[in-house]
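1. no sequence for this one, just the structure:
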């Protein structure tokens, strides 16, 4: 190991400097998770994980979090049994179908011998509350010869001396659409703004203590399911059409984000006044979408402003809302649709395309022709191309004198800093006056031709 020598003032005599010795890490500029990720991104050819393992306290937890979230690419090196970390580059995220919600957790529950295990597994079980014995109770038990170590359990509603139990950890979230067609166990998933792996644990404990067949892969995506033996042994957390299990408990920040997303959906539903279809179905529906939330909010606000009409006896329509009410409803609807929690945390996210899309591609990629002639014949056969139509259109020539919108570019003239007239011998002459007028026009952005300028 390398040693770093630093001179610091003597605590007894500050005027004197004493030499101190400290451990020198290989990457001494890495001090937290942010600088850790920056260092990995600078190493285009990869950096061994062991070279970063001594950067600071808690660096291994941060490295595991970066690999779990897919912020870096990790590959196993079988020679020295280490991992090599590479920069991820630009990520590609996809929303999953189904609205994510957290299960209801009761604050106080009655005794249940299996409640702790149930809560740890993500089920909506009860939490056991135990009575703490006082010194008088212990003395009475001793006098009665009661040596049992089992604590008494009481009804939570019968005494005010019960100590409130901490909330049970949440490992599973509820979803209203079957997620198994879009993601596998062991793949990375973002829930409430926090990255997890879909739980593949077959026994209690951290991921490192799981059997090799039940550990999540280093990659954020998988091309096949985990070992069938895991299903025989049984996963400890359910992964079905209504639940998604996480490998670790949801932190308070993720729970808060999911709760605020639920409140945002309720406000939007209230502002929608029962309308369905269009932007409302995209913002509140279970299916994932790639539309811009700002555009949907603007469309939703416009539709909300439209007044509801009812027919009268003469066949004409009568406006139900008045001008002020229309504007108020429109502003409320737009404000509810623009809530960032609505678009960020209503759906889960994953890296890359979904499982069903990848399987469809892998199953049909052999049918794609290898040359342009066969590809054109297949396009014509499936009526995606006319027989006489060119498969590749001519590339549009970009005009240099127009902008991206096709409008003519405006010529702009800029005056250089500290620019001044150098032909001082012409001042006071007719040519000097012409040059002065040309310089004034140039300052105003007017064209002065070439004229030697």
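-> That came through fine. Predicted model only: the values in this text are computed from it and were never measured.

2. use CA for all of it now, contacts and neighbours both
-> OK.

3. now the strands for the stretch 101-250 of the chain?
-> For the stretch 101-250 of the chain, the strands defined by DSSP state E, counting those that start in this stretch occupy 172-175, 188-191, 194-197, 243-245.

4. who does the first one touch, helix- and strand-wise?
-> On a contact count with 3 or more CA pairs under 8 Å, 6 or more residues apart in numbering; DSSP states H and E, strand 172-175 meets strand 100-101, strand 243-245.

5. coming back round to it: make CSV from the strands of the stretch 101-250 of the chain and add mean pLDDT and distance to residue 209 to it.
-> Below are these laid out as CSV (pLDDT from 0 to 100; distance: least, CA to CA, whole Å):
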stretch, mean pLDDT, distance to residue 209
strand 172-175, 93, 20
strand 188-191, 94, 19
strand 194-197, 93, 15
strand 243-245, 94, 18
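
6. circling back to that earlier point, same list, the helices and strands packed on strand 172-175, but as CSV with distance to residue 184 and mean neighbour count please.
-> As requested, these are arranged in CSV below (distance: least, CA to CA, whole Å; neighbours: other CA atoms under 10 Å):
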stretch, distance to residue 184, mean neighbour count
strand 100-101, 17, 24
strand 243-245, 10, 25
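
7. So which of these is nearest residue 77?
-> Proximity to residue 77 (CA to CA) singles out strand 243-245 among the helices and strands packed on strand 172-175, at 29.8 Å.

8. and the closest one, what does it pack onto?
-> Checking 3+ CA pairs under 8 Å, 6+ apart, strand 243-245 ends up next to strand 172-175.

9. Partner strands of the strand it packs on and their direction?
-> Applying DSSP bridges, strand 172-175 is found paired with strand 100-101 (antiparallel), strand 243-245 (antiparallel).

10. Which one of those strands lies nearest to residue 84?
-> Nearest of those (CA to CA): strand 243-245, 28.3 Å.

11. So what does residue 83 look like in phi/psi?
-> The phi/psi pair for residue 83 (degrees, to the nearest 10) reads phi -110, psi 140.

12. what's the answer for the one 10 residues further on, then?
-> The phi and psi torsions at residue 93 (degrees, to the nearest 10) take the values phi -110, psi 150.

13. If you average the pLDDT over stretch 367-383, what comes out?
-> The average pLDDT for stretch 367-383 rounds to 87.

14. which of the residues in it are buried?
-> Across stretch 367-383, burial judged by 16 or more other CA atoms under 10 Å covers 376-377, 380.

15. Any chance of a markdown table for the helices and strands packed on strand 172-175, columns distance to residue 182?
-> As requested, the helices and strands packed on strand 172-175 are arranged in a markdown table below (distance: least, CA to CA, whole Å):
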| stretch | distance to residue 182 |
| --- | --- |
| strand 100-101 | 14 |
| strand 243-245 | 12 |
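
16. mind checking which of those strands is nearest residue 27?
-> Of all the helices and strands packed on strand 172-175, strand 243-245 sits nearest to residue 27, with 36.5 Å by CA to CA.

17. what does that closest one rub up against?
-> 122, 171-175, 179, 198-199, 237-239 (CA atoms under 8 Å, 6 or more residues apart in numbering).

18. what packs against the helix or strand that that strand is followed by?
-> Downstream of strand 243-245, the next assigned helix or strand under DSSP states H and E is helix 252-272. Applying 3+ CA pairs under 8 Å, 6+ apart, one finds that helix 252-272 contacts strand 100-101, helix 279-284, helix 323-337, helix 340-345.

19. now with 6 Å?
-> Here helix 252-272 touches helix 340-345, going by 3 or more CA pairs under 6 Å, 6 or more residues apart in numbering; DSSP states H and E.

20. for the helix it packs on, which positions count as buried?
-> Residues of helix 340-345 classed as buried by neighbour count (16+ other CA under 10 Å): 341-345.

21. Which one of those is nearest to residue 37?
-> Within the set of the buried residues of helix 340-345, residue 344 lies nearest residue 37; the separation is 23.4 Å, counting by CA to CA.

22. on that earlier part again, okay if I get the buried residues of helix 340-345 as TSV plus distance to residue 59 and pLDDT?
-> Converted to TSV, these look like this (distance: CA to CA, whole Å; pLDDT from 0 to 100):
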residue	distance to residue 59	pLDDT
341	31	87
342	33	85
343	32	84
344	29	87
345	28	90
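
23. Could you report the neighbour count for the residue nearest to residue 86 when sequence neighbours are not counted?
-> Nearest residue to residue 86 in three dimensions, chain neighbours excluded: residue 46, at 4.5 Å (CA to CA, 6 or more residues apart in numbering). Around residue 46 there are 17 other residues, counting by other CA atoms under 10 Å.

24. now residue 271
-> By other CA under 10 Å, the residues close to residue 271 number 21.

25. same question, residue 355
-> Residues near residue 355, counting by other CA under 10 Å, number 19.

26. Make residue 1 into 655 and carry on from there
-> Fine by me, first position is 655 from now on; the one you just mentioned is residue 1009.

27. Could you give the backbone dihedrals for it?
-> The phi/psi pair for residue 1009 (degrees, to the nearest 10) is phi -60, psi -40.

28. okay, the closest residue to it other than its chain neighbours: pLDDT?
-> Nearest residue to residue 1009 in three dimensions, chain neighbours excluded: residue 836, at 4.4 Å (CA to CA, 6+ apart). Looking at residue 836, its pLDDT reads 93.

29. ok, now residue 1059?
-> Per the predicted model, pLDDT is 70 at residue 1059.

30. again, but for residue 852
-> In this model, residue 852 is scored at 93, pLDDT.

31. Would you mind giving the secondary structure of residue 659?
-> Here residue 659 is strand, with the state taken from DSSP: H, G, I helix; E, B strand; the rest coil.

32. what's across from it in the sheet?
-> Beta bridges link residue 659 to residue 675 when assigned by DSSP bridges.
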